[in-house]
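>>> next input, structure requested:
(one chain, ligands or ions: 1)
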Amino acid sequence: MKQYALVVKQDEMSANIAEKIKKGLTGIMEYNPDDPDLVISVGGDGTMLLSVHQYMEQKVSFVGVHTGTLGFFTDYQKDEITELIAAIKADHYQMTPRHLLEVDVYHKAGKETYLALNEMRIDHGYTTQVIDVYIDDELLEVFRGNGLCVSTPSGSTAYNKSIGGAVIYPGNPLMQLTEVAAIQHNAYRSLGASLILDENKVIKLKGQHFNRVYLGIDHLSYHLDDVEKIEIRISKKVVKFIEYKEMSFIQRIRRAFISE
Ligand code: NAD
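Numbers count the residues shown, from 1 in each chain. Reported below is the predicted structural model:
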């Protein structure tokens, strides 16, 4: 029998939905949070990000139930649990691989690596960031502004979209570099548009104030201390999302951003 885990948002409604799922899956799948085949996220997009970070190193697939307003990563609503159970039982689905970013942070003491499903961000609202931006080993620009965001196609509809980046149709291993409040005048100038790169490229950031900023990786944040360089590339790892029901990307963005 296949095994499943639940990652549940800390509220009463999500807890009740999780109980319903457990009851519904009795005899169909075994609950095993240590070694699941399927991870069911109950909450919102934030809960799905938590689920992915908790289980991304294991061979699992993800499916989401949304218990609040509409989510981007979550295919099922709170009143569709019977439908979800029936779909899991029928075991008929499409698997969608989602690309991750690999973010290598070089400290004086060594290197730390983070994986991101949505994006990595370097942000500071008060002090101008001065960041040398290289694509591979070629200097693109000396960026001055609040920060930079590098997002995956999955993350293109998240923070990236709010700062004016493009929405990327999923499926291809692409990453997008988007500026956060860049200074643009006759003394300082940067590209002023999002730059989309493929899996053969590496974005290298060298900053002059990295010890005063935060590195955002999806819902997580880290204080940057003594950082000399950050390298961002598309990871060879992917996370697998299960789609039991068909919903095109266009339907998904219509539902989330344009109309009900
Ligand atoms: P959170 O979990 O409260 O999420 C903030 C909003 O981003 C929610 O409405 C969520 O549904 C939406 N979201 C998350 N991933 C999405 C995606 N791939 N496509 C479309 N919408 C998405 O906030 P958090 O825990 O601080 O951060 C998690 C994520 O939220 C981050 O990865 C970031 O992309 C996003 N976020 C967006 C903004 C913004 O748009 N201004 C601000 C903060 C965080």
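>>> wait, what's in contact with Gly145?
If a contact means C-beta atoms under 8 Å, 6 or more residues apart in numbering, then Gly145 has 128-129, 179-183, 190 as its contacts. C-beta here means a position set from N, CA and C on the backbone, and glycine is covered the same way.
>>> what of Lys9?
Remark: with contacts taken as C-beta under 8 Å, 6+ apart, Lys9 is in contact with 42-44, 46-47, 67.
>>> was I right about Phe249 contacting Val167?
No. Using C-beta atoms under 8 Å, Phe249 and Val167 do not qualify as a contacting pair, with a distance of 9.1 Å.
>>> which parts of the stretch 1-150 of the chain are strands?
Ranges of strands in the stretch 1-150 of the chain, per DSSP state E, counting those that start in this stretch, are 3-8, 30-31, 38-43, 61-66, 76-77, 94-107, 111-116, 119-123, 129-135, 138-151.
>>> so which of those gets nearest Ala15?
Among those, strand 3-8 comes nearest to Ala15, with 6.1 Å by C-beta to C-beta.
>>> near the ligand, anything from the closest one?
No. Strand 3-8 does not reach the ligand (C-beta under 6 Å from any ligand atom); its nearest approach is 13.2 Å.
>>> what's in contact with that strand?
Strand 3-8 has contacts (C-beta under 8 Å, 6+ apart) with 14-15, 17-18, 21-22, 25, 29-43, 47, 50-51, 54-55, 60.
>>> of these, which belong to helices?
Secondary structure from DSSP state H places 14-15, 17-18, 21-22, 47, 50-51, 54-55 of the contacts of strand 3-8 in helices.
>>> any of these buried? List them.
Taking 16 or more other C-beta atoms under 10 Å as the criterion, what is buried in these is 14, 17-18, 21, 47, 50-51, 55.
>>> would you mind measuring from the residue in the stretch 1-150 of the chain positioned nearest to the ligand to His219?
Each residue of the stretch 1-150 of the chain has a distance to the ligand, by C-beta to the nearest ligand atom, and the smallest belongs to Gly46, at 2.6 Å. From Gly46 over to His219 the distance is 6 Å, taken as C-beta to C-beta, to the nearest Å.
>>> so where's the chain uncertain?
Residues of the chain meeting the criterion pLDDT under 70: 69-70, 209, 211, 260.
>>> if you set the cut-off to 80 instead, what comes out?
Counting by pLDDT under 80, the chain shows low-confidence ranges at 68-70, 125, 208-212, 225, 260.
>>> what comes up buried for the biggest strand by length in it?
In the chain, taking DSSP state E as the definition, the longest strand is strand 227-243. Of the residues in strand 227-243, those buried by neighbour count under the rule 16+ other C-beta under 10 Å are 227, 229-235, 239, 241-242.
>>> which residues touch Gly207?
The contact partners of Gly207, by C-beta under 8 Å, 6+ apart, come to 122, 129-132, 213, 227, 230.
>>> apologies, that question was intended for Tyr222.
Taking C-beta under 8 Å, 6+ apart, we find Tyr222 in contact with 105, 114, 214-215.
>>> give me the three-state assignment for it.
The three-state assignment at Tyr222 reads strand, by DSSP: H, G, I helix; E, B strand; the rest coil.
>>> what residues does this structure have near the ligand?
For the chain, the contact set with the ligand under C-beta under 6 Å from any ligand atom comprises 44-46, 49, 71-72, 118-119, 154-155, 157-159, 162, 218-219.
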